[in-house]
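**Student:** With the input below, show me the fold.
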Amino acid sequence: MVLTVIIFAATVAAIILGILFFPKIKIKNGLYVDSYWVIALVGVILMLITGQTDLNALFNALTEDTAVNPIKILVLFVSMTVLSIFLDELGFFAYLADVTLKKAGANKFKLFSYLYAVVSVLTVFTSNDVIILSFTPFICYFAKNAEINPLPYLAGEFVAANTWSMALVIGNPTNIYLASAFNVGFAEYFKVMLLPTVIAGITAFCLLVLVFRKTLFEKSEGLPKKEAASRSAAKGAQIKSKPLLFIGVIHLGACTILLAISSYAGLPMWLISLGAAISLSACVLIFSAIKRRAPTELAGAFKRAPYQLIPFVLSMFAMITVLSEKGVTEKIASLLGEGGTVFKYGTASFFASDVVNNIPMSVLFCDVIKFLPQTAKLSAVYATTVGSNLGALFTPIGALAGIMWNSILTKQNVKFGYFDFIKIGVTVALPTLAATLLTLSFTV
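**Tutor:** All right, here's what the predicted structure looks like:
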């Protein structure tokens with residue numbers, strides 16, 4: 001057991017160091033890969049070499065026909081992400097951002113509020129990762145040309161995306177993993193998580209306004225340049241093809257509706273999302289053939305899909321499986337105890353996300369929750385879901401969304417350091433966590 005824990009802890013520490021200091025590893029000829037999944041894979045290899053497990057045991061765990069099968073969960077997440085990225089490739093999200101900026105006028109608070117609202121709504125029905133990738137560069141360009149401080153708007157976008165992602169099970173890969181592991185249906189999840197998410201969203205918004213009040217309510221000479229800034233930021237903000245946009249929105253909407261009734265229809269969610277992605281591909285290819293145009297948006301969607309999550313999640317799942325076999329997860333469950341499940345698991349998962357990242361945390365806690373009494377399991381699942389989403393707001397390593405967000409800011413020469421992140425975490429994330437868990441204790 002001791003050697004297993006040492007290898008796991010060393011792997012997690014190396015992943016964190018990699019994220020902070022060497023996020024990319026150069027292979028050859030300018031080809032780079034993300035370091036975090038490579039390190040996770042090395043951790044599994046070390047466990048195999050040292051005899052902590054064997055290939056047959058890992059293969060059986062990865063291919064077992066259960067709700068927590070990581071391959072099914074990855075199919076669900078990647079398929080839903082492709083549906084969202086396709087809309088982004090068409091310029092849909094950039095177009096909405098441009099409309100939002102124009103509607104806000106020269107009022108900073110109104111601009112902040114509109115962006116927060118639009119990001120919140122889009123995150124509920126798509127994916128927080130996709131929204132962050134789409135909106136962050138747009139906000140940076142706009143703020144630079146309007147000569148205003150981008151930080152309030154970037155913080156608002158990031159907080160909204162990682163708060164409202166709790167509303168539906170498809171909003172975050174951690175939601176999908178935890179809900180699938182304990183057979184929580186789409187509708188059942190929504191019924192429990194709707195009110196806590198609304199409270200979290202409102203609380204976070206009010207706290208952000210309080211934190212950035214001086215910037216949001218000060219008069220600025222930059223904002224009269226808003227129209228020019230908006231035009232500059234929106235050079236690529238036109239819808240590339242309205243028929244394809246219609247096809248994409250219909251598929252995303254139909255998929256969401258089918259997921260909502262999946263538990264009643266007896267259809268697995270991973271199969272619904274995969275079917276939607278295949279159907280979208282077929283429709284786009286047929287349309288492109290008729291119009292004699294290249295399906296560039298579809299190709300772009302598949303090119304940008306989060307394939308790096310596949311080896312990362314599979315590697316972390318494999319290591320957690322070994323920890324479980326050695327009795328480590330049972331000891332963690334014993335340490336947490338049975339009383340006050342919502343607050344214990346919500347708080348523990350929140351801080352654990354910022355130690356090991358929220359995806360490994362979810363895989364770990366999923367196994368820990370199995371040792372709870374049946375009556376306490378669902379409370380722990382929902383509380384851990386809250387912790388996995390809000391944990392992204394405390395430090396940049398809390399979630400892949402934070403890593404991507406920081407990477408974009410660095411490329412845009414926007415300074416938002418580790419301690420700036422912690423400031424948002426202390427002033428916004430912690431009070432929001434408390435309010436959300438309190439609300440959850442009444443809805444679960």
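
**Student:** ranges for the strands of this protein?
**Tutor:** Using DSSP state E, the strands of the chain run over residues 24-28, 31-34.

**Student:** low-confidence ranges in the stretch 151-300 of the chain?
**Tutor:** Along the stretch 151-300 of the chain, segments meeting pLDDT under 70 span 219-237.

**Student:** Okay, helices next: where are they in it?
**Tutor:** 151-163, 173-181, 186-211, 213-216, 226-233, 242-260, 262-265, 269-291, 296-304 (DSSP state H, counting those that start in this stretch).

**Student:** Take those and lay them out in CSV including distance to Ser324 and mean neighbour count.
**Tutor:** C-beta coordinates here come from the backbone N, C-alpha and C atoms, glycine included. CSV is the format used below for the helices of the stretch 151-300 of the chain (distance: least, Cβ to Cβ, whole Å; neighbours: other Cβ atoms under 10 Å):
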stretch, distance to Ser324, mean neighbour count
helix 151-163, 28, 27
helix 173-181, 13, 26
helix 186-211, 24, 19
helix 213-216, 47, 14
helix 226-233, 48, 17
helix 242-260, 29, 18
helix 262-265, 27, 14
helix 269-291, 23, 17
helix 296-304, 34, 17
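
**Student:** now those as TSV including distance to Ile397?
**Tutor:** As requested, the helices of the stretch 151-300 of the chain are exported to TSV (distance: least, Cβ to Cβ, whole Å):
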stretch	distance to Ile397
helix 151-163	13
helix 173-181	14
helix 186-211	20
helix 213-216	26
helix 226-233	29
helix 242-260	30
helix 262-265	33
helix 269-291	28
helix 296-304	22
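
**Student:** So for Leu314, which of the ones you listed sits nearest?
**Tutor:** Nearest to Leu314 among the helices of the stretch 151-300 of the chain is helix 173-181; the distance by Cβ to Cβ comes to 12.2 Å.

**Student:** what comes into contact with the closest one?
**Tutor:** Taking contacts as Cβ atoms under 8 Å, 6 or more residues apart in numbering, the residues outside helix 173-181 that touch it are 67-68, 70, 72-73, 76-77, 165-166, 168-170, 184-185, 189, 269-270, 309, 313, 358-359, 361-363, 365-366, 381, 384-385, 388-389.

**Student:** Buried only: go through these for me.
**Tutor:** Buried members of these, counted by 16 or more other Cβ atoms under 10 Å: 68, 70, 72-73, 76-77, 165-166, 168-170, 184-185, 189, 269-270, 309, 313, 358-359, 361-363, 365-366, 381, 384-385, 388-389.

**Student:** what's the most buried one of the strands of the chain?
**Tutor:** Highest mean neighbour count among the strands of the chain (mean count of other Cβ atoms under 10 Å): strand 31-34, with a mean of 13.

**Student:** Show me what that strand packs onto, helices and strands only.
**Tutor:** strand 24-28 (3 or more Cβ pairs under 8 Å, 6 or more residues apart in numbering; DSSP states H and E).

**Student:** Convert the strand it packs on to PDB, retaining C-alpha atoms only.
**Tutor:** What follows is strand 24-28, C-alpha atoms only, in PDB (Å, rounded to 0.1, in the frame of the first residue of the first chain):
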ATOM      1  CA  LYS A  24       4.100  21.200 -23.000                       C
ATOM      2  CA  ILE A  25       6.700  18.600 -23.900                       C
ATOM      3  CA  LYS A  26       8.400  18.900 -27.300                       C
ATOM      4  CA  ILE A  27       8.500  15.700 -29.300                       C
ATOM      5  CA  LYS A  28      10.100  16.700 -32.600                       C
END
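
**Student:** And the contacts of it?
**Tutor:** So strand 24-28 is contacted by 32-35, 38 (Cβ under 8 Å, 6+ apart).

**Student:** in its sheet, what does that strand sit against?
**Tutor:** strand 31-34 (antiparallel) (DSSP bridges).

**Student:** what about the strand it pairs with, distance to the chain center?
**Tutor:** How far strand 31-34 lies from its chain's middle: 21 Å, per Cα atoms, centre = their mean, to the nearest Å.

**Student:** May I have it exported as CSV, CA atoms only?
**Tutor:** This file holds the C-alpha atoms of strand 31-34, laid out as CSV (Å, rounded to 0.1, in the frame of the first residue of the first chain):
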residue,chain,number,x,y,z
LEU,A,31,5.3,18.9,-32.3
TYR,A,32,4.3,19.4,-28.7
VAL,A,33,2.1,17.4,-26.3
ASP,A,34,0.5,18.3,-23.0
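
**Student:** hmm, who's touching that strand?
**Tutor:** 23-27, 308.

**Student:** Show me the helices in the stretch 1-150 of the chain, by range?
**Tutor:** According to DSSP H, counting those that start in this stretch, the helices that the stretch 1-150 of the chain contains are 2-21, 35-49, 55-63, 70-89, 92-104, 108-125, 128-146.

**Student:** out of those, nearest to Val159?
**Tutor:** Using Cβ to Cβ, the helices of the stretch 1-150 of the chain put helix 108-125 closest to Val159, at 8.0 Å.

**Student:** thinking again about what came up before, among the helices of the stretch 151-300 of the chain, which is nearest Phe135?
**Tutor:** Closest of the helices of the stretch 151-300 of the chain to Phe135 is helix 151-163, at 5.2 Å (criterion: Cβ to Cβ).

**Student:** packing partners for that closest one?
**Tutor:** Helix 151-163 packs on helix 108-125, helix 128-146, helix 186-211, helix 213-216, helix 374-390, helix 400-411, helix 418-424, going by 3+ Cβ pairs under 8 Å, 6+ apart.

**Student:** CSV please, covering the contacts of strand 31-34 and showing pLDDT and distance to Ala282.
**Tutor:** Output for the contacts of strand 31-34, formatted as CSV (pLDDT from 0 to 100; distance: Cβ to Cβ, whole Å):
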residue, pLDDT, distance to Ala282
Pro23, 81, 36
Lys24, 84, 35
Ile25, 86, 36
Lys26, 83, 38
Ile27, 82, 34
Gln308, 87, 26
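
**Student:** Hmm, Val82 and Val130 touching each other?
**Tutor:** No: with contacts counted by Cβ atoms under 8 Å, Val130 stays clear of Val82, the gap being 9.8 Å.

**Student:** Now do the shared contacts for those two.
**Tutor:** Applying Cβ under 8 Å, 6+ apart, one finds that no residue jointly contacts Val130 and Val82.

**Student:** hang on, the earlier thing: can you add distance to Gly337 and give the strands of the chain back as JSON lines?
**Tutor:** Listed next are the strands of the chain as JSON lines, based on distance: least, Cβ to Cβ, whole Å:
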{"stretch": "strand 24-28", "distance to Gly337": "41"}
{"stretch": "strand 31-34", "distance to Gly337": "37"}
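
**Student:** how about the helices and strands packed on helix 151-163, which one is nearest Asn60?
**Tutor:** helix 374-390 (23.9 Å).
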